[in-house]
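[1] What shape does this take:
(4 chains)
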Number of protein chains: 2
Amino acid sequence: MAGDGPQPEGYLQIGEAAARADVTQRTLRYYEEKGLLRPPTRMEGGFRLYSPDDMERVRRIKELRDLLGFSLADIKEMIEAEDVKEQIRSHWRRDADISEKAAEIRRAREVTLQQIALVDEKMGRMAEMRRQLDARRERYDTWLHANAPAGAAAGDQADGA
Amino acid sequence: MAGDGPQPEGYLQIGEAAARADVTQRTLRYYEEKGLLRPPTRMEGGFRLYSPDDMERVRRIKELRDLLGFSLADIKEMIEAEDVKEQIRSHWRRDADISEKAAEIRRAREVTLQQIALVDEKMGRMAEMRRQLDARRERYDTWLHANAPAGAAAGDQADGA
DNA sequence: ATTTACCTTGACGCGCACGTCAATGTCCGT
DNA sequence: ACGGACATTGACGTGCGCGTCAAGGTAAAT
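    The predicted model follows:
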């Protein structure tokens, strides 16, 4: 039995990577093809090796898609702007670079703020939806209670919230 | 023949209906075609007339799609189950019908509960996402603050000095 | 060396949710 | 009774987000 990391350390081949991220291999290749994932490192024979960072990125993409409903094109824009964070860690060369980086950071910040605003808006609408659903459920319960089975007596279930 | 008013009250032709619901006419016809909207009443010449109820339904479909990300097929199932509410208003004939209706109501209630659960789950994940976005923004702010503009006068709220 | 499992790059296909003509019919004001 | 706005039903097209072969190459075990 091969262990979890025969050659690479913390890096995963596409099979495992897809399984753990709960997507298909096709999806990973597709995201790469569309520029959502940077081309991962490869083994000697050309097999893709996904880093933990890559995995995190996939999870992020999934959240943006499943939770917020963004298109992959939109998501690409976002994470491209966010990618400055990785350039931040790298040491810059001179002061001139700083103002350049700062501009990118501010752009990334803007993108983040917009995402936050969108999350807030969606959460607000969802809260409203939840209220309506609750009201709906209450109407059902009221009806059911009013037209209770003739033979049954007291002892109905309580409502949870 | 039932007299269809030439100028309907509160009813809208597809153009206005689409505009107010912020969808295209194609979308309305498509929803009807797919069984998400019951065939609306028509004018003499065949023009569709959408009732306020129809409009409400379109809004509901949009919410389920845009907010929760359901497919139209899923939504169809849901609103079919919910449709009992309109049958409730109609007076039933005998007691035997009641248990029948009650079964449908319970089904509709179940659907609603599942929707509530899903909304709650999504809201939870969105809250978590929001936290992460906030943390991200803070990191940007921290960086920007640390690498404040060199030439500018330091007039901001300064750290201990 | 061979098996076996996993990987590679094309390239075509598909379902969804409509978009977009095209040809025709209807409403309504003047 | 006519013109222009608005509607009707097909029917084909489109973009997205992958699915699904096909024809191979590679890795690790036997």
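[2] Quick check: which element contains the residue in chain A that DNA strand C sits nearest to?
    Nearest residue of chain A to DNA strand C (C-beta to the nearest atom of the strand) works out as A:Gly15 at 2.6 Å. Every C-beta, even on glycine, is put in place using the N, C-alpha and C of the backbone. Element membership for A:Gly15 (DSSP states H and E) is helix A:14-21.
[3] how about that helix against DNA strand D, any contact?
    No - Helix A:14-21 does not reach DNA strand D (C-beta under 7 Å from any atom of the strand); its nearest approach is 9.0 Å.
[4] Report all helices and strands that that helix contacts.
    If you count contacts as 3 or more C-beta pairs under 8 Å, 6 or more residues apart in numbering or on different chains; DSSP states H and E, helix A:14-21 packs onto helix A:25-33, helix A:52-62.
[5] Quickly check: the last one near DNA strand D or not.
    Same thing as helix A:52-62. No - using C-beta under 7 Å from any atom of the strand, helix A:52-62 stays clear of DNA strand D, coming no nearer than 8.0 Å.
[6] Flag every buried residue along that helix.
    Within helix A:52-62, the residues that count as buried by 16 or more other C-beta atoms under 10 Å in any protein chain shown are A:54-55, A:57-58, A:60-62.
[7] With the shortest one instead?
    Within helix A:25-33, the residues scored as buried using 16+ other C-beta under 10 Å are A:27-28, A:31-32.
[8] So what's the gap between that helix and the chain middle?
    16 Å (C-alpha atoms, centre = their mean, to the nearest Å).
[9] got the contact list for that helix?
    Residues outside helix A:25-33 that contact it (C-beta atoms under 8 Å, 6 or more residues apart in numbering or on different chains): A:14-15, A:17-18, A:21, A:37-40, A:48, A:50, A:58, A:61, A:72.
[10] Kindly report the same for the longest one.
    Counting by C-beta under 8 Å, 6+ apart, the neighbours of helix A:52-62 from elsewhere in the structure are A:10, A:12, A:17, A:20-23, A:28, A:31, A:36-38, A:40, A:72, A:75, A:79.
[11] switch to 6 Å and redo it
    For helix A:52-62, the external contacting residues (C-beta atoms under 6 Å, 6 or more residues apart in numbering or on different chains) are A:10, A:21, A:36, A:40, A:75.
[12] Around the first one, how many other residues sit close by?
    What it means is A:Gly10. 12 (other C-beta atoms under 10 Å in any protein chain shown).
[13] Is it correct that it falls within a helix?
    No - counting by DSSP: H, G, I helix; E, B strand; the rest coil, A:Gly10 is not part of a helix but coil.
[14] nearest residue to it other than its sequence neighbours?
    A:Pro52 (5.5 Å; C-beta to C-beta, 6 or more residues apart in numbering or on different chains).
[15] go on, the third one?
    Using C-beta to C-beta, 6+ apart and skipping the chain neighbours, the partner closest in space to A:Leu36 is A:Lys76 (5.3 Å).
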